[in-house]
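**Student:** what's the 3D shape of this:
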Amino acid sequence: MRRTRDHPRVERLLRLADDLEITDPQIDQLLKAAMVSSSRSIIYDALTIFAAKAAEQQHYPFPDDAHCGSVHLGETPRNRLVGIGPDDLTKHLLAVGQSGSGKTTLFYNLMSQLEAPFWSFDLKQDYRHLIHEYDDLLVLPWSELKFNPLKPPDGVPLLRWAQVFAEIFGHATALLSGSKNYLLKHVVNLYKLYDLFNDRSPPYPSLHELELLMWDENINYVRKTSNYRDTVLNRLEAMNLVAGTVFDCSHGPSLDTLLDRNIVFEFDGLSRDLQNFLMEILFASVYEYRLAQNQRDTGLEHVFFLDEGKQVFSVYKERQDAAGIPEIDQLTAKMREFGEGLVVADQEASKLTDSIKANTDTKVLLPTSDQKQFRAIAESMALSDRQQAFAQRLEVGEAIVQVGNRDPVPVHLRNYSVEKTITDQELEKYQREAWQQLSCEPREIAPRLDHILSAGQKGERAKTGSSDGHGEEEVSRDAERLLKDVVEYPFKPLLGRYQQFPSRYKGNKLKNELVDHGLVIERKVKGGDQRKLLELTQHGQEYVEDNLDVDPGFEGRGGIVHRYWQHRIKDRFEEAGWTAELERDDADVYVSMGNTGLAVEVAMENKPRELEHVEKHLENDIAVWIICRTEIVKKGLRQRIAERDIPRDQITFHLFQDFSETSSLPE
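**Tutor:** Predicted structure coming up:
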């Protein structure tokens, strides 16, 4: 509080200083002296200095000091460096500006200076173009992603994860509390059917098994809550349909290995609900993993980058009282303790949650012409009227930056030029090997679930007279022709199947019809041979048995991709003049070599069960070739063999790519 103002002119100066928000110590000293003095010279000096300061304040209403950490953002108009430190990033950053204001460039700049790895959720293919900037950058389009949201991160209890999953799924798809509770019960029941409360080893059920469980009407412990069922099943069916093969696994790559890498997740082309769900469940997975491993107070370990922040941090969902406080809002506040930084950007601050605005310590205001959006972020930064007037004149490449409780400062942001030239074809060329090395465990239907579903489908057919278990829906004749082709030629590439129809469009439409009826699932073959296959589901096998004049049986074991490589390996040995058989002596492929034999095992994953048959073959004095999907699988199995003291002189390792259509048989 200022002292009593005796001199009229000094009183006017003091009021004007308050109006102009002048807090300069030199001015304050002069005014205090003028209050107790009648000297005209002192008052004149105060007026002169005050006038100069007032003119400067009108033009530049900011202090001279600036926060400067190791991550540089740019310089003030007075050439002072402005930056933030790793600790600032653990408290999160929010950037708001209109389209073309420099948000993406700001992200490029921040990424280039981080010592911690980052994940970027990319909805517009903006960050794939950084592959030449980082030696280890993994750009992962959703079509190459394998992720099972029902598998808890390591160390996270099943019941806790079931609750987290239900909350995240509910928030992403706008479910209210009743529907979320219905979903939670089914997730817990599904875990029980897989005996996961007694045995935490794979397989884990996927969202596809969750959908199958909800379809069944004959499970006696499920209440007849039809409205909840229809609501949840509607969301789940749509998500599984749009996601392609994303959820088609027991589990994908381990979280701890992914957290060590710079990754761009490309989610463009997916529905908004699915984009939101994937981003939120990945947030939750990392937080729960850090919590379970007790990785607290370790400094900045990892950073998330999210453009289009309102998709996840939507103020409209935050205001849904019936849905409760969104789980993602709570995660934002809690994850900073575990070394996780969050950088969020958006064009419309008014559509962002109050939580994200309150829980981001650093705020960056970029050029924003819309007054509603400008006021929303300016109020969050507590900018004065004069600072707001200054901020409304910002141009591209300029910003107002506020770090914590410090005064905001104007900044000329650092530029970061990137040529956006990477096409889908070039991306696949540069990243194919990295995609192939990502581990994945195929999904399985647990025997208890399979028994329940089989009983349910038989009951449904008895009630409706329908042979397909899906009511009165009919499969077109052309779709049945495609289905028959799948049975008779299981390893034919998908594009090759389309040639029997007038156009590729027609063939794709028929394929989608079979997928929609739950008759087939699309699979990808990787590891030298690149093709898409169609695999019959259990329902598809029953449909073929009941409606088509073909035998749905097959040679080989496992899923379609495993069987593909069994047949490919068998064919390559036969082309070389050897006699090869499938499933002889419990080998995936048995090769007769005169008086001796060679057992070939197809290894999809680095799992202990891959070695069970190997030990039996060695006991029978049969040499073994282990053909691995990726180099990572091969290294992992080598390590397992060394740890179990299995004799290694009779074991030879190869890769799938050694048996591709274009390679020669390994020696």
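**Student:** Tell me who's in contact with the spatially closest residue to Ser70 that is not a sequence neighbour.
**Tutor:** Counting by C-beta to C-beta, 6 or more residues apart in numbering, Ser70 lies nearest to Gly85, which is 5.7 Å off, once chain neighbours are set aside. Any C-beta I mention is one placed from the backbone N, CA and C, and that applies to glycine too. Gly85 is in contact with Gly69, Ser70, Val71, counting by C-beta atoms under 8 Å, 6 or more residues apart in numbering.
**Student:** ok, now Leu611?
**Tutor:** Taking C-beta under 8 Å, 6+ apart, one finds Leu637, Arg640, Ile641, Arg644, Ile646 in contact with Leu611.
**Student:** Assess the claim that Asp516 and Ala238 are in contact.
**Tutor:** No - judged on C-beta atoms under 8 Å, Asp516 makes no contact with Ala238 at a distance of 11.2 Å.
**Student:** quick one on the thing from earlier: next, the residue nearest to Ser70: phi, psi?
**Tutor:** Main-chain torsions, Gly85, degrees, to the nearest 10: phi -100, psi 170.
**Student:** And it, what's its pLDDT?
**Tutor:** Gly85 is assigned a predicted lDDT (pLDDT) of 91.
**Student:** for the closest residue to Glu398 other than its chain neighbours, helix, strand, or coil?
**Tutor:** With sequence-adjacent residues excluded and distances taken as C-beta to C-beta, 6+ apart, Glu398 is closest to His412, at 5.9 Å. State at His412, reduced to three classes by DSSP: H, G, I helix; E, B strand; the rest coil: strand.
**Student:** neighbours around His412, how many?
**Tutor:** Residues lying near His412 (other C-beta atoms under 10 Å) number 16.
**Student:** Ok, Leu175 next?
**Tutor:** The number of residues near Leu175, taken as other C-beta under 10 Å, comes to 23.
**Student:** What of Glu545?
**Tutor:** Applying other C-beta under 10 Å, I find that Glu545 has 13 neighbouring residues.
**Student:** quick one on the thing from earlier: from the contacts of Leu611, which would you call buried?
**Tutor:** Leu637, Arg640, Ile641 (16 or more other C-beta atoms under 10 Å).
**Student:** Let me have those in a markdown table, extended by distance to Val286.
**Tutor:** Output for those, formatted as a markdown table (distance: C-beta to C-beta, whole Å):
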| residue | distance to Val286 |
| --- | --- |
| Leu637 | 28 |
| Arg640 | 28 |
| Ile641 | 32 |
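**Student:** Among those, which has the minimum pLDDT value?
**Tutor:** Arg640 (86).
**Student:** So what does Gln402 have for phi and psi?
**Tutor:** The phi/psi pair for Gln402 (degrees, to the nearest 10) is phi -130, psi 130.
**Student:** nearest spatial neighbour of it, skipping sequence neighbours?
**Tutor:** Pro408 (4.0 Å).
**Student:** Need phi/psi at the one you found.
**Tutor:** Residue torsions, per degrees, to the nearest 10, at Pro408 are phi -70, psi 150.
**Student:** Val188 touches Gln163, doesn't it?
**Tutor:** No - between Val188 and Gln163 there is no contact under C-beta under 8 Å: 9.3 Å.
**Student:** how about the helices in the stretch 151-300 of the chain?
**Tutor:** Using DSSP state H, counting those that start in this stretch, the helices of the stretch 151-300 of the chain run over 158-172, 177-193, 207-215, 226-242, 255-258, 272-292.
**Student:** Out of those helices, which is closest to Ser101?
**Tutor:** helix 272-292 (22.6 Å; C-beta to C-beta).
**Student:** wait, what's in contact with Ile168?
**Tutor:** Pro149, Phe277, Glu280, Ile281, Ala284, Glu327, Ile328.
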